[in-house]
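> heads up, no residue letters with this:
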Ligand SMILES: C[S@@+](CC[C@H](N)C(=O)[O-])C[C@H]1O[C@@H](n2cnc3c(N)ncnc32)[C@H](O)[C@@H]1O
């Protein structure tokens, strides 16, 4: 199934984008794709042996489907700009020098993460000191990455790793969360609305949201001090943005105090019981009528041709909860917490689901 996007509800609002701007967008995205296809190839090479062993069992998507769906997503990105949901994306990857430094760090770390993959070692951060600070499920080398979520070095190369994993489409997928937010915010005074990004990581969604909604009051929350530090660096000093260290299952906000909550790529990292606790917390802090925008992995059956790709993912990257996540009934999970599903859209290899607090 080739991805299509059904949101054509107010085509008359669509403006024509200047050709130069579209060409510039194309060049910038091409450059990103070229860069991340290199790092992606290195990552694939690192998992090559395991992939070969699994190839007989797991069917890759039909030839051309991935690139067709990716092209559809680029078109959608431009459509969203034309609709005024967000400005022409910049990605804000930092200076060339900084980017080269991060890529060097990424390559320097590859042998170590590969060794963990080969030896199936994923508990290097499980020690008494960390146990006192963080929940047990959190103390793992997710993706087999060095230090798990718990060091400056890990935070520094996280974006390179994720973009490499998704062939340069991670930011592209993330910013599709801005569309339902833009629809919700239109006609309201941004300054009076509050948004929380749960598990904001290195702050990439908040960064994109700053460009789209420059006056919105935003908070990013995460359990990693180091990732929060990186998020602050990414977003820079802005009076309407704050970052805080807390966990999703105990949000430090009053009941019905927020208008919008988002999370990207969090829920597949959580054990089923914790997913439910975080869902309850999101529902608790949202105002009635407020929205929660959930972005995470595609699930089984969303695009059946991708099912084996989803099944294979946790075998190559330490993702202990992904297998149960892709079977999770999201509508049911969040409805138990008091959130009603309003929209569910596959976005390349992710899916965006929008819920309303009832
Ligand atoms: C895969 S990353 C996603 C980060 C970011 N949202 C993005 O779009 O890239 C998962 C993040 O979830 C955070 N995290 C995991 N469990 C958490 C919890 N219970 N509460 C808050 N943050 C959590 C990790 O520290 C990490 O930054």
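Perfect, thanks for sending it. Nothing here was measured: the structure is a model prediction, and the numbers come from that model.

> Can you classify the nearest residue to residue 136 once chain neighbours are set aside as helix, strand or coil?
In this structure, residue 136 finds its nearest non-sequential neighbour in residue 126, 7.7 Å apart by Cβ to Cβ, 6 or more residues apart in numbering. For every residue, glycine as well, the C-beta is placed using N, CA and C. Look at residue 126: counting by DSSP: H, G, I helix; E, B strand; the rest coil, its state is coil.

> what's the spacing between residue 126 and residue 317?
18 Å (Cβ to Cβ, to the nearest Å).

> what about these two, which has more around it?
For residue 126 versus residue 317, neighbours defined as other Cβ atoms under 10 Å are more numerous around residue 317 (18 against 15).

> The closest residue to the more buried one other than its chain neighbours: neighbour count?
Using Cβ to Cβ, 6+ apart and skipping residues adjacent in sequence, the residue nearest residue 317 is residue 143, 4.6 Å away. Each residue near residue 143 was counted by other Cβ under 10 Å, and the total is 23.

> who does residue 292 bridge with?
Beta-bridge pairing for residue 292 (DSSP bridges): residue 261, residue 355.

> Just confirm it contacts residue 357, I think it does.
Yes: Residue 292 lies in contact with residue 357 (Cβ atoms under 8 Å); the separation is 7.3 Å.

> quick one: which of the two has more around it?
Taking other Cβ under 10 Å, residue 292 and residue 357 do not tie; residue 292 has more neighbours (27 against 23).

> got any ranges where this structure has weak pLDDT?
1-12, 49-56 (pLDDT under 70).

> Up against the ligand, what does the stretch 1-150 of the chain have?
For the stretch 1-150 of the chain, the contact set with the ligand under Cβ under 6 Å from any ligand atom comprises 138, 149.

> Mind jotting down where the helices sit in the stretch 1-150 of the chain?
Applying DSSP state H, counting those that start in this stretch to the stretch 1-150 of the chain gives helices spanning 19-46, 48-55, 65-82, 96-119, 128-133.

> what's the next secondary structure element after the shortest one?
Taking DSSP states H and E as the definition, the helix or strand that follows helix 128-133 towards the C-terminus is helix 152-165.

> what's the next helix or strand along the chain from that following helix in contact with?
Next helix or strand after helix 152-165 toward the C-terminus (DSSP H and E): helix 170-174. Identification of contacts with helix 170-174 by Cβ atoms under 8 Å, 6 or more residues apart in numbering yields 29, 73-74, 77, 89, 91, 159, 162-163, 166, 204-205, 208, 264, 295, 347-350.
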